[in-house]
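Novice: Need a 3D model of the following:
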Amino acid sequence: MANLATNLSRSAAQHPDRPAIRLDDEVHRYRSLAAGAAAAVDWLRERGVRPGDRVALQLPNLPLFAVCYYGILAAGAVVVPLNPLFKPREVAYHLADSQATLLLAAPGVAEPATAGAGRAGVACQVLDPDTAARLAGTGAGRLDPAPRGPEDTAVILYTSGTTGVPKGAELTHANLSRNAEVVRDTLQHTGPEDVIFGGLPLYHSFGQTSALNTGVASGSCLTLLPRFEPGKALEILQRDRVTVFLGVPTMYAALLHHPAAAAADLSPLRLCVSGGASLPVELLHGFEDRFGCTILEGYGLSETSPVVTFNHPDRPRKPGSIGTPIDGVQARIVNPADPDHRDLPPGEVGEVWIRGHNVMKGYWRRPEATAEAVVDGWFRSGDLARADPEGYLFIVDRIKDLVIRGGYNVYPREVEEVLYEHPAVAEAAVIGIPHPTLGQEVGAAVALKPGATATADELRSFVKEQVAPQKYPRHVWLLEELPKGPTGKLLKREITPPASVTSG
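Specialist: The predicted model follows:
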């Protein structure tokens, strides 16, 4: 059966009493996690959810995320994961665009979830304690996932391209199952004895595939941290004897520089995986020297389920490189200006093109965007890289005007759209500013309308109220006019922040 939820029913049959999901003292064994997902299937069907329906999920890293995620899949429906930090306008957009029929939300996000669902005209179910208790998996219900084809959509993950308009990448059951299988068997080598650190957001592709889906497919235990805090993370790593740590570079820096790191014993840790942004080589060596654990860096995108390349554990590692393509995946370096799409020789910089089992079905309801992004089966990443003679890839820049803040993608146009809603703003351009620990910070150059007045603090607060915390510009500065080219197009490459910028 192609249904991704089959991984859970299989592990529940093979390892019923092994711990599957842990949150401090709350432990769900595979038997109870599967029973909870089965209860979720019944609960969803009672509310009219049918195969193919989109069901949005706005939950932090809680055991209930896994219960609902696999319950939605087992019902034959499609999961639409949402950032728990989304504000009402963001919730409303994603619900309306995905044509979701239902939103499941944690009590802690009830206000923005309910408001956003109301704007979109979508039913919202806040998972109160009574509902959560029903889905706790205390029964003995058998999980029998609905039949789905390999090319049926399992998850719609929202991302954004050069336009900045969030687009839903349709990932199939085959995409996600195969990516998790390859990660399990060839990269992380995870099994029932492993404990995986669950500090990456599960709504994000990295945490969803490499932690949740790989962990369940392996019969491993996933120990959750709802909001990353280095002191608590060190406590969990030691308490639960974590063997596999997954993180973005800012997490590695926070752990290494935390006061408790000097006395921390992480000897059970056998593998660390870094993704989401480039890992500084100095940080890699510092972390490995302190904790005695190898870090392997990889690369992926939401549209590729997400893993594309990796520094494989059975091959030489090259610090600073994103490694080589994973099993069943090809990656090319192409001259983006060449109409014949010819490969570039080693050492020359070009765009990364990707083909394989991991490439998305397409962008939800956006055939033109899909045709632009996928050419003859090759996904155009928008990332610039070079390859060395041995085939290792090195990311050097990005085609897209993307800001990566602490491993999170921030799409400038989305933030610019909010700035343009302020009555005093005439022009706005959002750019990335180098930051020593986050990689990049979000900055905004703004020109006001003639006669209008607004302060940088006012503009920053205006955006902060309407977007998730990682998106709003910490640095805002005012200019008389933004630089433009002959056609009137804003030239972001000519925008540089002043020596001293207003910081929030």
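Novice: OK, contacts around the spatially most central residue of the chain?
Specialist: Closest residue to the average C-alpha location of the chain: H204 at 2.6 Å, with CA atoms, centre = their mean. H204 sits next to P81 when contact means CB atoms under 8 Å, 6 or more residues apart in numbering. For the C-beta atoms, the positions are set from N, CA and C on the backbone; glycine is no exception.
Novice: State the mean pLDDT of stretch 10-25.
Specialist: Averaging pLDDT along stretch 10-25 yields 97.
Novice: First-to-last residue distance for that stretch?
Specialist: This stretch, stretch 10-25, spans 25 Å end to end (CA to CA, to the nearest Å).
Novice: How far off centre is that stretch?
Specialist: Mean C-alpha position of stretch 10-25 versus that of the full chain (CA atoms, centre = their mean, to the nearest Å) differs by 24 Å.
Novice: quick one: contacts of it?
Specialist: Around stretch 10-25, the neighbours that count as contacts under CB under 8 Å, 6+ apart are 27-34, 61-63, 66, 143, 192, 215-219, 221-224, 226, 240.
Novice: What are the boundaries of the helices in the stretch 201-350 of the chain?
Specialist: Using DSSP state H, counting those that start in this stretch, the helices found in the stretch 201-350 of the chain span residues 205-206, 214-218, 230-239, 249-256, 281-291.
Novice: export those helices to TSV and tack on distance to T131?
Specialist: Listed next are the helices of the stretch 201-350 of the chain as TSV, based on distance: least, CB to CB, whole Å:
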stretch	distance to T131
helix 205-206	27
helix 214-218	22
helix 230-239	27
helix 249-256	32
helix 281-291	40
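Novice: any idea which of these scores lowest on pLDDT?
Specialist: Of all the helices of the stretch 201-350 of the chain, mean pLDDT reaches its minimum on helix 249-256 (a mean of 87).
Novice: Just the CA trace of it, in CSV.
Specialist: This file holds the C-alpha atoms of helix 249-256, laid out as CSV (Å, rounded to 0.1, in the frame of the first residue of the first chain):
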residue,chain,number,x,y,z
PRO,A,249,23.3,26.0,12.3
THR,A,250,21.9,28.4,14.9
MET,A,251,21.0,25.4,17.1
TYR,A,252,24.6,24.1,17.0
ALA,A,253,25.9,27.6,17.9
ALA,A,254,23.4,27.9,20.8
LEU,A,255,24.3,24.5,22.2
LEU,A,256,28.1,25.0,21.9
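Novice: tell me the mean pLDDT for the longest helix along the chain?
Specialist: The residue-count maximum for a helix in the chain (DSSP state H) belongs to helix 30-46. The pLDDT scores in helix 30-46 average 95.
Novice: Just the buried ones from the contacts of stretch 10-25?
Specialist: Among those, those buried by neighbour count (16 or more other CB atoms under 10 Å) are 28-34, 61-63, 66, 143, 215-219, 221-224, 226, 240.
Novice: returning to what we had before: could you list the residues in contact with the following helix or strand past the longest helix of the chain?
Specialist: Following helix 30-46 in sequence order, the next helix or strand is strand 54-58 (DSSP states H and E). Strand 54-58 is contacted by residues 44, 49, 65, 68-69, 72, 77-84, 86, 91, 94-95, 98-106, 109, 113, 122, 156, 203 when judged by CB under 8 Å, 6+ apart.
Novice: Only the buried residues of the next helix or strand after strand 54-58, if you could.
Specialist: As assigned by DSSP H and E, the chain's next helix or strand after strand 54-58 is helix 63-74. Using 16+ other CB under 10 Å as the test for burial, helix 63-74 gives 63-74.
Novice: could I get the helix or strand that helix 63-74 is followed by in CSV with only the CA atoms?
Specialist: Using DSSP H and E, the helix or strand that follows helix 63-74 in sequence is strand 78-81. Extracted in CSV, the C-alpha atoms of strand 78-81 (Å, rounded to 0.1, in the frame of the first residue of the first chain):
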residue,chain,number,x,y,z
VAL,A,78,-4.1,15.6,2.6
VAL,A,79,-2.1,17.3,5.4
VAL,A,80,-1.5,21.0,5.1
PRO,A,81,0.9,21.9,7.9
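Novice: re the thing from before, would you mind saying which of the helices of the stretch 201-350 of the chain lies nearest S381?
Specialist: S381 lies closest, by CB to CB, to one member of the helices of the stretch 201-350 of the chain: helix 205-206, at 13.7 Å.
Novice: List the contacts of that closest one.
Specialist: The contact list for helix 205-206, computed with CB under 8 Å, 6+ apart, reads 157, 200, 246, 248, 275-276, 300-302, 305-306.
Novice: Select from those the one having the most neighbours.
Specialist: Compared across the contacts of helix 205-206, S305 has the highest neighbour count, 33 neighbours, by other CB atoms under 10 Å.
Novice: which residues in the stretch 251-400 of the chain form strands?
Specialist: Along the stretch 251-400 of the chain, counting by DSSP state E, counting those that start in this stretch, strands occupy 271-274, 295-300, 307-310, 324-325, 329-334, 350-356, 362-363, 374-375, 378-387, 393-398.
Novice: Take the ones you listed and lay them out in CSV including distance to K232.
Specialist: Shown next, in CSV, are the strands of the stretch 251-400 of the chain (distance: least, CB to CB, whole Å):
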stretch, distance to K232
strand 271-274, 18
strand 295-300, 21
strand 307-310, 27
strand 324-325, 35
strand 329-334, 35
strand 350-356, 36
strand 362-363, 37
strand 374-375, 41
strand 378-387, 33
strand 393-398, 31
